[in-house]
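S.K.: just coords:
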């Protein structure tokens, strides 16, 4: 694997670890907690993060149809911490497999989105994924602090 993809994967692994740390040891009611209007639970954020990553890395960079149904990600409920960690692990393993098959010359390729109907460059798709994962991990870290302040 080219060093660019190794570095990308290292950053992605660190972000996944941050997501796991944000949910570790939380009771089921915390995983389902919605801190306010127009906000999402830990469960929704993890399911959405995994689904989005599967789309941007797997489909848009790796050309493997994700079969994503985005609205279902935002309706996710009742998953345990172990199930959420499993989703993160499966998503990361899939991203690792895709990245191991990419070449630097693939970064300039344009791929049509089955969801958005637009074409995106592989490099843009990968960068967007990192940005998106980091955003939601940050949400989860702040939510954990809020949960602990109100329930600790």
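M.R.: Alright, I've got the coordinates. Nothing here was measured: the structure is a model prediction, and the numbers come from that model. Residues are numbered from 1 along each chain as shown.

S.K.: Average pLDDT for the lengthiest helix in the chain, rounded please.
M.R.: Scanning the chain for the longest helix, with DSSP state H as the assignment, gives helix 122-151. Helix 122-151 shows an average pLDDT of 96 in the prediction.

S.K.: buried set for it?
M.R.: 122, 125-126, 128-130, 132-133, 136-137, 139-140, 143-144, 147 (16 or more other Cβ atoms under 10 Å). Bear in mind the C-beta positions are built from the backbone N, C-alpha and C, glycine included.

S.K.: same thing with stretch 4-16?
M.R.: Within stretch 4-16, the residues that qualify as buried by neighbour count (16+ other Cβ under 10 Å) are 5, 8, 9, 12, 15, 16.

S.K.: Would you map the strands across the chain?
M.R.: Applying DSSP state E to the chain gives strands spanning 110-112, 119-121.

S.K.: winner for burial among those strands?
M.R.: Highest mean neighbour count of those: strand 119-121, a mean of 16 (counted as mean count of other Cβ atoms under 10 Å).

S.K.: what sits up against that one?
M.R.: 60, 107, 108, 109, 110, 111, 112, 113, 128 (Cβ atoms under 8 Å, 6 or more residues apart in numbering).

S.K.: rerun that using 7 Å as the cut-off
M.R.: Contact partners of strand 119-121, identified using Cβ atoms under 7 Å, 6 or more residues apart in numbering, comprise 60, 108, 110, 111, 112, 113.

S.K.: Okay, now the sheet partners of that strand, with direction.
M.R.: For strand 119-121, the paired strands and their directions (DSSP bridges) are strand 110-112 (antiparallel).
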